[in-house]
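1. Let's see this in three dimensions:
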Amino acid sequence: MSVTVARPVALAAALLFLLQIVLWWPGVAMFDTVGQYTQALSGAYDDWHPPIMARLWAALRPFGPGAAPMLLVQAAAYWLGLGLIAAALARAGRAWAGWAVIVLGALPLFVAWQSVVLKDAQMLGAMLSAVGIVARARFAGRALSMPALIAVVALLGYAALVRTNAVFAVVPLGVMLVPGRRRWGYRAATIAGLTLAVLAVSPIINHRLLDAEPTTVGHTLPLFDLAGIAHFAGDDGVLRRDERAMIVEKHCYQPFFWDPIGSASRCGAIADRFEAVPASTLDIAWAGAIVRHPIAYARHRLAHLNATTRWLVPTVWVSAAPPSASERNTVGLGSPSKAAWPIVAAAGWLVASPLGWPVAWIVVAASVVAIVIAGARTPVRDFALALAVSALALEASFAVVSIASDLRYHLWPMMAAALAAILLASEGGAPRRIARGCGIALALVIAAGLVARAVLPSPPPGYAAMLEWDGQAAAPARQPVHRVER
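-> Residues are numbered from 1 along each chain as shown. Next comes the predicted model:
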């Protein structure tokens, strides 16, 4: 009987996978996509983007040119994970929750971004597959088999390597999914230790095992923070006076992203000067600036955290809606037909709503944690807790290591928080007082966001115009240009 109940949701996941492939074939390529495919074609890799994706792409080239093989991989991983979770819930007598998972995966906000061949979509697909494999066993009261355990480790390992900051989501998820009741202090220490270990070993894997040439990608965060400190403190002790004047004159400091500092047409001369500076030297100067100006640093990081979580921001906050067509390129990456455009348009509407605000999903994830801790422990509630902690850990990392505000960076926390909420709702029995408080907190956060969108001046449309925005009033619309990568 349980198998019969699970079949419809599993079939729905399979059909939606096929529909996604038909609508978005051969996948959407953004600026980063073009760069990684160029590396896969040339066989020359660097670490500006994690090289494991380009290496995988190169390995898949015999199966077809362009982005199509990678689209198949990330879409299959996405729907496999969601299908396994949904079927496991249906087998456990929670059919409505299983269908809710399928509906969640089919939301234009998620499925349209999952059709863009990017490291963010690759990370989301790998993590969902790993979660689905664990859910299939855990909800049936079984331990993971050795092949399943190997698959989970491989998928989480890929996810940790395919995005530089993914470690802050992968390690907490892995630690929290380990069965058994352990104290929070033990889990926190384990998460911290494993996170540091992965951060230490990742460059070795990238440069030695994957043979990627080192770049100055590690300079972006220090330069962004130094510009932020100089903006709020007037001086950071590292940037020269003429460089600080250039940042002010050309509006190169923006909490939204670091890009004006690296743009040749804006303040790229600053990044050029630091290109020859060893990473260790820059890191010491960066740490010194933070110590000397902790208040300015905190103001800068909070301003960026607000920007990337899309809370108290204007109505038009760019880099949220998924693209409908590929970036122009000379390496043969095509665009999907117009059949998916209505879904992409719907995604654009959703990202402008609270469903597209990462800050709202942070409140949802925190609410899950509060409710689970206050109630009885069950396998499903523990699973929801693991997803919520992973989402919160990654969002917390943006307070320190983020340099841009693209919505795609938040796909996993948003999906994980939504899945956690569905799992928790399938259990029922939430303490009324805590649930009411969580609902009020979410309503207040959304209300504040709506007020901000009503009163704050909108930025100009397009990436190029955003580079020059001074944060005061909308500039004239400009033609879009390729995103600057250094």
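2. Distance from stretch 406-422 to the middle of the chain?
-> 8 Å (Cα atoms, centre = their mean, to the nearest Å).
3. what about dumping the CA coordinates of it to CSV?
-> Taking Å, rounded to 0.1, in the frame of the first residue of the first chain, the C-alpha atoms of stretch 406-422 are listed here in CSV:
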residue,chain,number,x,y,z
ASP,A,406,22.6,38.0,-6.2
LEU,A,407,19.5,36.0,-5.2
ARG,A,408,20.9,32.8,-6.7
TYR,A,409,23.4,32.6,-3.7
HIS,A,410,20.4,32.0,-1.5
LEU,A,411,18.7,29.2,-3.4
TRP,A,412,19.8,26.5,-1.0
PRO,A,413,18.8,28.3,2.2
MET,A,414,15.4,29.2,0.7
MET,A,415,14.7,25.7,-0.4
ALA,A,416,16.0,24.1,2.8
ALA,A,417,13.9,26.4,4.9
ALA,A,418,10.8,25.6,2.9
LEU,A,419,11.4,21.9,3.1
ALA,A,420,12.0,22.1,6.8
ALA,A,421,8.7,24.0,7.2
ILE,A,422,6.8,21.3,5.2
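4. Can you spell out which helices and strands pack onto the host helix or strand of residue 289?
-> Using DSSP states H and E, residue 289 maps to helix 279-292. When contacts are defined as 3 or more Cβ pairs under 8 Å, 6 or more residues apart in numbering; DSSP states H and E, helix 279-292 sits against helix 220-233. Quick note: C-beta positions are derived from backbone N, CA and C, even for glycine.
5. Can I take it that residue 312 is in a helix?
-> No - when classified by DSSP: H, G, I helix; E, B strand; the rest coil, residue 312 is found to be coil rather than part of a helix.
6. Find me the pLDDT at it, would you?
-> On pLDDT, residue 312 comes in at 97.
7. Then residue 65?
-> 93.
8. what about the closest residue to residue 115 other than its chain neighbours, distance to residue 340?
-> Distances taken as Cβ to Cβ, 6 or more residues apart in numbering place residue 24 nearest to residue 115, at 3.7 Å, with adjacent residues excluded. Remark: distance between residue 24 and residue 340 (Cβ to Cβ, to the nearest Å) = 5 Å.
9. which neighbours do these two share?
-> With contacts defined as Cβ atoms under 8 Å, 6 or more residues apart in numbering, the residues adjacent to both residue 24 and residue 340 are residue 115.
10. Compare the two and say which is more crowded by neighbours.
-> Comparing residue 24 with residue 340 by other Cβ atoms under 10 Å, the one with more neighbours is residue 24, at 27 against 24.
11. isn't residue 262 right up against residue 272?
-> No - using Cβ atoms under 8 Å, residue 262 makes no contact with residue 272, being 9.2 Å away.
12. ok, the two, which is more surrounded?
-> Just comparing residue 262 and residue 272: by other Cβ under 10 Å the higher neighbour count belongs to residue 262, 23 against 13.
13. Need the per-residue pLDDT for that one.
-> pLDDT, read off for residue 262, is 90.
14. Quick check: it vs residue 470, distance?
-> From residue 262 to residue 470 the distance is 18 Å (Cβ to Cβ).
15. likewise residue 43?
-> 43 Å.
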